[in-house]
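Peer 1: give me coordinates for this.
(one chain, ligands or ions: 1)
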Amino acid sequence: MLIQQALKELAETLGQDKITTKPAELACYSFDATAGMPVKTPAVVVTPTCTEEVVQVINIARKYKIPVYPRGAGTNISGGTVPLHGGLVLSLLKMAKILEVDAENLVAVVQSGVIIQELDNAVAPAGLIYPPDPGSVATATMGGSVAECSGGLRGLKYGVTKHYIMGLEVVLADGQVLKIGGKTVKNVTGYDLVKLFTGSEGTLGIITEITVRLIPAPEARATMMATFERLADAGNAIQEIIKNKVIPATMEIMDQMSVQVIENFAKVGLPTDKQAVLLIEVDGIPAVVEQEAEIVIKTVQQNNGSIKKAKDEREREALWTARRAAFPALAQLKPTIIIEDATVPRSEITTMLIAINEIAQKHNVTICTLGHAGDGNLHPAILTDTKDKEEMVRVHQAMDEIFKKALELGGTLTGEHGIGLAKSRYLPWEMGDAGMDVMKRIKKALDPEGLLNPGKMFPD
Ligand SMILES: Cc1cc2nc3c(=O)[nH]c(=O)nc-3n(C[C@H](O)[C@H](O)[C@H](O)COP(=O)(O)OP(=O)(O)OC[C@H]3O[C@@H](n4cnc5c(N)ncnc54)[C@H](O)[C@@H]3O)c2cc1C
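Peer 2: Predicted structure coming up:
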């Protein structure tokens, strides 16, 4: 009954065209890109077109105590947008305007539904880039990537989303519009609320507008593919390249099984008979790029690897297209692919890679490992089938061990995918009692009725 009244009020306030309750449409919002999560159908999907409308939706949701699930493109891999308690999915996809590109201040202002790649395309003519580039860059939204604090392939040299967010407009659970930060490089006024909302996974407020930092595009780059007979040699090469004072823009690792699957899918000539492949890109001013490429080549060779440089833009593009095709390629093998992102200090990469292989063997599960190796951010991908109950028990045991190992090595549960629903039960392992208490108090202060993305981050 309450929901019927709320639907009526939503339609009267926003217009019927911005809400849907059609079962076929609701079904599309009952899941996201995460495998193995519960599928839950919301009661309604609302698609506002401006901040004022977001405020109206939040006020109506609060009045009728309806849970609100903010959603961008739904590409997250932590169950972050699953409407676990039904309620209202708030799609930000129609708030997709690039409001300003301010080349003088190296800043852009966007609405939260802008696709990351579109922002990068819009700033390219000014010779600028927006560096955070998750593999989903062509579909994921800016709002979703701020809410997840996404990383990506260039994290090693350029950092992750939080290093580029200068200001935010956020609609709070009580309907207030909070404006924080702005265009200045320096800003230490008050608590750092911009950082608090970056990575808050839709649990503290609805991000409606984002001010981002841009940087000049690098003048030159060199892309190389290194191959290794032994996984441990690849791990050592990664560490030594950085010890030799080269910080590549990107340093991606793929184990043998990942390479075989990707090559089968993308056919770009990746070697399928080696234990590990690294894709390495250095960028900057031409003379430095040349010098750094030489150091990379020498270091790989000293660690028993072979290496070749992409001859031209076509070869470079083929390598990165193959890497970006990794998850779709893996998804061909089994009905369910659970992608984790346990992350360790770079010095522990070799230990972690070997541990993941041992854990896979111990529990007799198939794990392909790839990831952003330069920043210790590995993506063990477990290939399974949620319908196979017996195997799923072993999958969960393997996942538990992977997370325990990452923490034991001084790492973290998630480098870039977030906690969401998928990892909430592990959160206390890393945060401890005091950490959980502080987080719960922040949540309670900003969302006392628990309306925003309930069931996420904190174990239910
Ligand atoms: C093939 C593939 C490759 C990927 N590669 C990477 C990678 O390299 N690095 C990486 O970090 N991630 C990666 N991801 C994960 C994902 O794409 C990113 O987290 C992405 O930034 C999510 O954006 P989205 O618009 O899809 O957000 P959604 O999935 O829609 O939402 C993500 C979270 O943010 C919340 N949210 C969304 N919009 C808002 C808003 N406006 N205000 C408040 N909360 C909001 C949601 O409630 C949810 O909790 C990958 C995913 C896929 C499928």
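
Peer 1: residues contacting the closest residue to the ligand within the stretch 1-150 of the chain?
Peer 2: At 2.0 Å from the ligand, Gly144 is the closest residue in the stretch 1-150 of the chain, using C-beta to the nearest ligand atom. C-beta coordinates here come from the backbone N, C-alpha and C atoms, glycine included. Contacts for Gly144 (C-beta atoms under 8 Å, 6 or more residues apart in numbering) come out as 71-76, 92, 112, 150.

Peer 1: same check on Gln275?
Peer 2: With C-beta under 8 Å, 6+ apart, Gln275 has these contacts: 228-231, 234, 255-256.

Peer 1: what's the neighbour count on Val246?
Peer 2: By other C-beta atoms under 10 Å, 20 other residues sit near Val246.

Peer 1: kindly report the residues of the stretch 351-460 of the chain close to the ligand.
Peer 2: Within the stretch 351-460 of the chain, the positions adjacent to the ligand are 416-417, 420, 453 by C-beta under 6 Å from any ligand atom.

Peer 1: distance of the closest residue to Cys50 other than its chain neighbours from Pro48?
Peer 2: Excluding its sequence neighbours, the residue lying closest to Cys50 (C-beta to C-beta, 6 or more residues apart in numbering) is Met95, at 6.8 Å. With the distance defined as C-beta to C-beta, to the nearest Å, Met95 ends up 7 Å from Pro48.

Peer 1: now do the shared contacts for the two.
Peer 2: Residues touching both Met95 and Pro48 (C-beta under 8 Å, 6+ apart) are Val54.

Peer 1: Gly205 versus the residue nearest in space to the middle of the chain, what's the distance?
Peer 2: Using C-alpha atoms, centre = their mean, the residue of the chain that lies closest to the mean C-alpha position is Ser150, 3.7 Å off. As judged by C-beta to C-beta, Ser150 and Gly205 stand 18 Å apart.

Peer 1: and for Val82?
Peer 2: 19 Å.

Peer 1: how's this structure carved up into domains?
Peer 2: With domains defined by automatic domain parsing, the chain comprises 2-91, 98-216, 220-324, 334-449.

Peer 1: Throw these into a markdown table and include mean pLDDT, thanks.
Peer 2: Below are the domains of the chain laid out as a markdown table (pLDDT from 0 to 100):
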| stretch | mean pLDDT |
| --- | --- |
| domain 2-91 | 96 |
| domain 98-216 | 97 |
| domain 220-324 | 93 |
| domain 334-449 | 95 |
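
Peer 1: now distance to Phe458 too, for the ones you listed, in a markdown table please.
Peer 2: What follows is the domains of the chain, written out as a markdown table (distance: least, C-beta to C-beta, whole Å):
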| stretch | distance to Phe458 |
| --- | --- |
| domain 2-91 | 12 |
| domain 98-216 | 8 |
| domain 220-324 | 33 |
| domain 334-449 | 6 |
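
Peer 1: circling back: restrict the contacts of Gly144 to those near the ligand?
Peer 2: Restricting those to those near the ligand - C-beta under 6 Å from any ligand atom - leaves 71-76, 92, 112, 150.

Peer 1: of the residues you listed, closest to Ala322?
Peer 2: Thr75 (19.4 Å; C-beta to C-beta).

Peer 1: which residues touch that closest one?
Peer 2: Applying C-beta under 8 Å, 6+ apart, the residues near Thr75 are 32-33, 136, 139-140, 144.

Peer 1: looking at the residues you listed, which has the most residues close by?
Peer 2: Greatest neighbour count in the contacts of Thr75, by other C-beta under 10 Å, goes to Gly144: 32 neighbours.

Peer 1: okay, and it sits in which element?
Peer 2: Here Gly144, judged by DSSP states H and E, is contained in helix 142-148.

Peer 1: give me the contact list for the helix or strand following that helix.
Peer 2: Per DSSP H and E, helix 142-148 leads on to helix 155-158 as the next helix or strand towards the C-terminus. Residues from elsewhere that reach helix 155-158 (C-beta under 8 Å, 6+ apart): 131-132, 215, 247-251, 283, 372, 374-375, 377, 416.

Peer 1: before we move on, the earlier item: can you put the contacts of Gly144 in CSV and add secondary structure?
Peer 2: Putting the contacts of Gly144 into CSV (DSSP: H, G, I helix; E, B strand; the rest coil) gives the following:
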residue, secondary structure
Arg71, strand
Gly72, coil
Ala73, coil
Gly74, coil
Thr75, coil
Asn76, coil
Leu92, coil
Ser112, coil
Ser150, coil
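
Peer 1: name the nearest of these relative to Ile382.
Peer 2: When the contacts of Gly144 are compared for distance to Ile382 (C-beta to C-beta), Asn76 comes out closest, at 17.5 Å.

Peer 1: ok, now which ones touch that closest one?
Peer 2: Contacts of Asn76 by C-beta under 8 Å, 6+ apart are 32-34, 144, 148, 417-418, 420.

Peer 1: and the residues you listed, which two are the farthest apart?
Peer 2: Distance extremes for the contacts of Asn76: the farthest pair is Thr34 and Gly144 at 12.9 Å, using C-beta to C-beta.

Peer 1: list, one by one, the residues from the stretch 51-200 of the chain near the ligand.
Peer 2: Counting by C-beta under 6 Å from any ligand atom, the residues of the stretch 51-200 of the chain that sit close to the ligand are 69-77, 80-81, 92, 112, 134-136, 140-141, 143-145, 147-148, 150-152.

Peer 1: mind doing that once more with 5 Å?
Peer 2: Taking C-beta under 5 Å from any ligand atom as the measure of proximity, the stretch 51-200 of the chain contacts the ligand at 70-77, 80-81, 92, 112, 134-136, 140-141, 143-145, 147-148, 150-152.
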